[in-house]
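**Student:** Here is a sequence together with a model predicted from it:
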Amino acid sequence: MTSVSRILAVWLTPVALLAVPAALCARAGDGLWLGLTLTLVPLIVLGLPARRAPGGAGRAERAALFPVVTLLLTVGVLLWANIALAGDVAVWLGAPRWQGIVLTAAAGWMLTAWRPLRRTAPLLLSIALVAAAAPLLQVGWAVGLGPIAAWDRVATQTAFRFPPASPWVTTGRSLGTVHGRAPLVFDEVHRLTAPAGGVLRARTLDGNRLAEIEWSLAPGQSVTLRAGDELVPGAPVRLRFEADKRVPGAPASGMAWAEDPPRRWLDRLGLLVTLLVGAAALLRSGLTIRLSRDGAGFVAGGLLLVFVWAQAWAVYAMLQSPDLFLGGVTLERLLELPGAALFAEPWRRALQAFLLVAGLAAFLASSVALRERLGALDPTGGGEIGSDPGLWAGLFGGAALASLWPVDPWVLTLLALGGAGCALGPATLYPPSPGRAGLATTAGLVGLLVFATFAAAQLRGAGGAPLGPAVGYPALVGVPAGALVLWLGRGRAG
Amino acid sequence: MRPVSPRSTGVVLLWLLLGGFLLLGALPNESASIRLGGLSVLWWYGGVLAPVLGALVAIRWLSDPLPAPPRDE
């Protein structure tokens, strides 16, 4: 995989692309760190000197199976995360979840199965870039503020309030579509209306006592919540909020959003290690990449453009649609055109279509590039894994089935990158001598085992203060474990 | 001693750019939140300066040298 467009497509899946503006909206400092690491880490990994991969003598072929199986699973999980995101987008835009899933999975499979379409990654990336840039430029032009002025406006807001034209205010939206992690706690008295009726549950503070109340609302009936009350998310009831009231789950003010809280060193280190070893596994494991000056410029320029887009998109989205904070910012909300009153129909629908085309094109480019990435690792040298339609039908089919249940696509992506990184990263960055291919496999298995133990704790919601960052980013412990085995093995050989 | 290759220089510079962000965030009195020209210092660095410098570093130092032209006999 020498084509630079394929490097970009492997790294910049739609989930990774949208995770940056989502993180920027949630907390400016953390979002900047995510964007900066996503931009610079692939360059660091590509810049590391090429070293001979372990191999040789009889065991090479067996040892080569480990990276192939690891990357096959990684690609499967990455596809799962992106197809699940397509399902989330469909639900958010009012369509059934399965429609988004079937459309993306079928298109991705067709593209990987049909031979003439396999070299379309550069074209698809270009389509994604243009289709994502057009709505951004239109929004910037309609708002009448450059990105820096828009940032200043956001950072000086006294509170994030529901705009009068927000769909949450005008027609209402289903509470079932809110699946962020922020609690729906109200900061002021707020009247909620259920246009079609339904059951609503809330935790209310009665003096010092917390009580859970359930209301069965008739169509058009309202309920008033006080400051400190918390709405229980997940109920499939359509709700209308009041205009100009604070958005539950939003930062206290623009200033609170913009400031960088100290105390997040280990979390930031965890993210850096996860992305670094993940990039090493995805972009370098088993491959020798030589970049020309044009190629390096293309990769670096592409990463920079994506980061700039993410920043501008996040700022305009917060300025025009602060309701995206409701219950916590999730990725699918950033594929909706911000500012309900900004454009008239049919222009608005056309720009929304541009955004969806950008997301689909980025997904298809990633699918093609991930298939080629896996094919390049084929131990037989013929790339059979990359061209086996049955295998890819199974991967897309499995990912589509798993996507029917909502998951957090970014958490899945981090788990995929961290797992692949713990299994393959240490040996890629610090390869054993050519005759010791088995050592790389042993180190990878140990790293993966440690990673899986902590990842299981993360999925169970465990993790106290001392182990918090290791549970949040299991690569923080998996990578040193694998590297230690490599180091001990090399020492014994020496 | 191994010679320092241009790629190593580039990789070290990219690490420094990442480290600069962590350092800036650790400055006392929330100095990184000071506004300059409409943006906070942290945003100027993490969102503008470091990514642009990173791209320039990649173009200047991360590419492989062109193959030497054939010598005239």
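**Tutor:** Nice, I can see it.
**Student:** quick one: secondary structure of residue A:407?
**Tutor:** Of the three states, residue A:407 takes coil under DSSP: H, G, I helix; E, B strand; the rest coil.
**Student:** Now do the contacts for it.
**Tutor:** Neighbour list for residue A:407: A:80, A:81, A:84 [criterion: C-beta atoms under 8 Å, 6 or more residues apart in numbering or on different chains]. (C-beta placed from N, C-alpha, C; glycine too.)
**Student:** Ramachandran coordinates for it?
**Tutor:** Dihedral pair for residue A:407: phi -130, psi 170, per degrees, to the nearest 10.
**Student:** before we move on, what about residue A:388?
**Tutor:** Dihedral angles (degrees, to the nearest 10) for residue A:388: phi -90, psi 100.
**Student:** Mind checking which of the contacts of residue A:407 are in helices?
**Tutor:** When DSSP state H defines the helices, the subset of the contacts of residue A:407 inside them is A:80, A:81, A:84.
**Student:** separation between the first one and residue A:101?
**Tutor:** Separation of residue A:80 from residue A:101 (C-beta to C-beta, to the nearest Å): 10 Å.
**Student:** ok, of the ones in helices among the contacts of residue A:407, which one's closest to residue A:426?
**Tutor:** Distance to residue A:426, by C-beta to C-beta, is smallest for residue A:81 among those, at 23.8 Å.
**Student:** pLDDT weak spots in the chain?
**Tutor:** You didn't pick a chain, so chain A it is. A:1-2, A:50-63, A:262-263, A:378-384, A:386, A:462-466, A:492-494 (pLDDT under 70).
**Student:** The chain in question should be chain B.
**Tutor:** Short version for chain B, where the test is pLDDT under 70: B:1-4, B:64-73.
**Student:** can we see that at 90?
**Tutor:** B:1-9, B:25-38, B:60-73 (pLDDT under 90).
**Student:** Show me which residues of it sit near chain A.
**Tutor:** Chain B comes close to chain A at residues B:5, B:7-8, B:10-11, B:14-15, B:17-18, B:21-22, B:25-26, B:30, B:32-33, B:35, B:37-40, B:42-43, B:46-47, B:50-52, B:54-59, B:61-64, B:66, as judged by C-beta under 8 Å from any C-beta of the partner chain.
**Student:** Pull the residues that contact stretch A:38-49.
**Tutor:** So stretch A:38-49 is contacted by A:7, A:11, A:16, A:19-20, A:272, A:275-276, A:279-280, A:283-284, A:289, A:291, A:296, A:299-300, A:303-304, A:306-307, A:429, B:5, B:7-8, B:10-11, B:14-15, B:17-18, B:50-51, B:54, B:57-58, B:61-62 (C-beta under 8 Å, 6+ apart).
**Student:** just to revisit the earlier point, tell me, what's touching residue A:80 and residue A:101 both at once?
**Tutor:** Both residue A:80 and residue A:101 are in contact with residue A:403, where contact means C-beta under 8 Å, 6+ apart.
**Student:** Would you mind measuring from residue A:377 to chain B?
**Tutor:** Applying C-beta to the nearest C-beta, to the nearest Å, the value for residue A:377 to chain B is 22 Å.
**Student:** should've said residue A:416
**Tutor:** Per C-beta to the nearest C-beta, residue A:416 is found 22 Å from chain B.
**Student:** do residue A:188 as well
**Tutor:** Taking C-beta to the nearest C-beta as the measure, residue A:188 and chain B are separated by 26 Å.
**Student:** on that earlier part again, next step: the contacts of stretch A:38-49 restricted to helices.
**Tutor:** A:7, A:11, A:16, A:19-20, A:272, A:275-276, A:279, A:296, A:299-300, A:303-304, A:306-307, A:429, B:7-8, B:10-11, B:14-15, B:17-18, B:50-51, B:54, B:57.
**Student:** that older thread, among the residues of chain B next to chain A, which ones are buried?
**Tutor:** B:7, B:10-11, B:14, B:17-18, B:21, B:25, B:32-33, B:38-40, B:42-43, B:46-47, B:50-51, B:54-55, B:57-59, B:61-63 (16 or more other C-beta atoms under 10 Å in any protein chain shown).
**Student:** How about the residues of the stretch 1-150 of chain A by chain B?
**Tutor:** Applying C-beta under 8 Å from any C-beta, we find that the stretch 1-150 of chain A lies next to chain B at A:28-29, A:32-33, A:35-37, A:39-40, A:43-44, A:46-49, A:148-149.
**Student:** In ChimeraX, how would I select the buried members of these?
**Tutor:** To isolate the buried members of the residues of the stretch 1-150 of chain A next to chain B in ChimeraX, using 16+ other C-beta under 10 Å:
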select /A:28,29,32,33,35,36,37,39,40,43,44,46,47,48,148
